[in-house]
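> Test case, fold it:
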Amino acid sequence: VQLVESGGGSVQAGGSLRLSCAASKYTASFRCMAWFRQAPGKEREGVATIDSYGRTRHADSVKGRVTISKANSENTLYLQMNSLKPEDTAMYYCAADSLYWCRGWTTPFQYWGQGTQVTVS
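Numbers count the residues shown, from 1 in each chain. All right, here's what the predicted structure looks like:
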């Protein structure tokens, strides 16, 4: 299974970006999908999760500004990010798992993408 992220870039504070994660497998078959991010010198942190029923969870740090969604017909996971702040600067990764339901950030994701860089200035 391959996950390929895209949509990152450089944006000014207050701007928006939509990240995409294209999966080589039918996304409806994943019980849990997620976005994580990692800033230089910091630990990886969870941003949002979505399960196969479409139930979502967002980290407090992004709640109200960021929305996770997926399009099973396109086998793609999305992360819409609005009102971006410099502290959102990080490498963003998508992850997916076929066996486990979402357990928040501790879900043992089987599959990970290579990441897409988001820089907010």
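
> Could you pull out the strands in this structure for me?
Per DSSP state E, the chain carries strands over the ranges 3-6, 9-11, 17-23, 32-38, 45-51, 56-58, 66-71, 76-81, 90-97, 111-112, 116-120.

> which stretch among these comes nearest Trp105?
strand 45-51 (3.4 Å; CB to CB). Using the backbone N, CA and C atoms, a C-beta is placed for each residue, glycine as well.

> Could you measure from the residue positioned nearest the centre of the chain over to Ser6?
Nearest to the mean C-alpha position of the chain, by CA atoms, centre = their mean, lies Trp35 at 2.2 Å. According to CB to CB, to the nearest Å, Trp35 and Ser6 sit 13 Å apart.

> list residues touching both of those two?
Counting by CB atoms under 8 Å, 6 or more residues apart in numbering, the contacts common to Trp35 and Ser6 are Leu19, Cys21.

> Hmm, the residue nearest to the centre of the chain is touching Ala96, no?
No: using CB atoms under 8 Å, Trp35 is not in contact with Ala96, being 10.6 Å away.

> Return every residue with contacts to both of the two.
The contact sets of Trp35 and Ala96 overlap at Leu77 (CB under 8 Å, 6+ apart).

> And the closest residue to Ser69 other than its chain neighbours, how far from Trp112?
Spatially, and ignoring its direct neighbours in sequence, Ser69 is nearest to Tyr78 (4.9 Å; CB to CB, 6 or more residues apart in numbering). From Tyr78 across to Trp112, the span is 17 Å (CB to CB).

> Tell me which of those two has more neighbours.
Neighbour comparison, Tyr78 and Trp112: the larger count goes to Tyr78, with 19 against 15 (by other CB atoms under 10 Å).

> Contact partners for the more buried one?
Counting by CB under 8 Å, 6+ apart, Tyr78 has contacts Arg18, Leu19, Ser20, Cys21, Ile68, Ser69, Lys70, Ala71.
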